[in-house]
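Visitor: please find the sequence and the predicted model below.
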Amino acid sequence: MATKKLITLNLKKGLILEAVKTETYITGQAEKTPDGVNNARAFQEQAGDDKYHERKLMRTLYGAVGRFEVELADFIDTSALHPMDDAVNNSIDNTLSDDQDDFTIFFLTSSRFNEGLIKPMCQLAQEYLINKMIAMWWMAIKPDLANVYQVYANDSLASIRKCLTKTSPVTPKIASGATSVDVPFDSVTGESQTI
């Protein structure tokens, strides 16, 4: 039976929200004019700490996490059971909630996943979420700018897919004295019996 690897991406909601607010703040600041004509528009474009802004940001975060999970579908071991509950056949999930800052996206994938790519994958997942949220923020206000951030999000996804490529299979070994060697292809045998 093939083994699986549980990939756990630990993320910080506060960092993601701050990055989105910073990016929209910078864009809004660039739109201000000396005569103040655009200042009210710039103020409204900047994601802030207002309750309705926070709710929109949380909605886009949930949406971005959901889209991220869908994008991983080709790499998920769907025959596996949920890592946190053996009774549920669900091999990808997250712990995102309104109440906690830390959350985790976890999924089961091939045992041949290169574990050295977990940290870059986590960083790329964070970038994907940030850029996807910014794209969603700008979609109604500035669709052209939203498309730019969607390209950034897609670039992160392409890199994540590269992280999920499999390592080479392990060659079976047999003991040969004090060492082990690759099993030769001509090591198979057969026999005949009269019955």
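Guide: Nice, I can see it. Note that the structure is predicted; figures quoted are calculated from it, not measured. Numbering: from 1, shown residues only.
Visitor: hey, let's count contacts and neighbours off CA atoms from now on
Guide: OK.
Visitor: pick out the residue nearest the middle of the chain.
Guide: In the chain, the residue lying closest to the centroid (C-alpha atoms, centre = their mean) is residue 125, at 3.7 Å.
Visitor: does that one count as helix, strand or coil?
Guide: When classified by DSSP: H, G, I helix; E, B strand; the rest coil, residue 125 comes out as helix.
Visitor: residue boundaries of the strands in the chain?
Guide: In the chain, the segments counted as strands under DSSP state E are 4-12, 92-94, 102-110, 173-176, 179-182.
Visitor: now mean pLDDT and distance to residue 38 too, for those strands, in CSV please.
Guide: Shown next, in CSV, are the strands of the chain (pLDDT from 0 to 100; distance: least, C-alpha to C-alpha, whole Å):
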stretch, mean pLDDT, distance to residue 38
strand 4-12, 92, 33
strand 92-94, 86, 40
strand 102-110, 90, 37
strand 173-176, 78, 71
strand 179-182, 80, 71
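Visitor: follow-up on the earlier one: the residue nearest to the centre of the chain contacts residue 160, doesn't it?
Guide: Yes: using C-alpha atoms under 8 Å, residue 125 is in contact with residue 160, at 7.4 Å.
Visitor: re the thing from before, per-residue pLDDT, the residue nearest to the centre of the chain?
Guide: Per-residue confidence (pLDDT) for residue 125: 97.
Visitor: equivalent analysis for residue 100, please.
Guide: 94.
Visitor: who's in contact with it?
Guide: Shown in contact with residue 100 (C-alpha atoms under 8 Å, 6 or more residues apart in numbering): residue 13.
Visitor: just how off-centre is the helix or strand of the chain with the lowest mean pLDDT within its chain?
Guide: None of the helices or strands of the chain scores lower by mean pLDDT, DSSP states H and E than strand 173-176, at a mean of 78. Distance of strand 173-176 from its chain centroid, counting by C-alpha atoms, centre = their mean, to the nearest Å, is 40 Å.
Visitor: for stretch 136-145, same thing?
Guide: For stretch 136-145, the distance to the chain centre is 22 Å (C-alpha atoms, centre = their mean).
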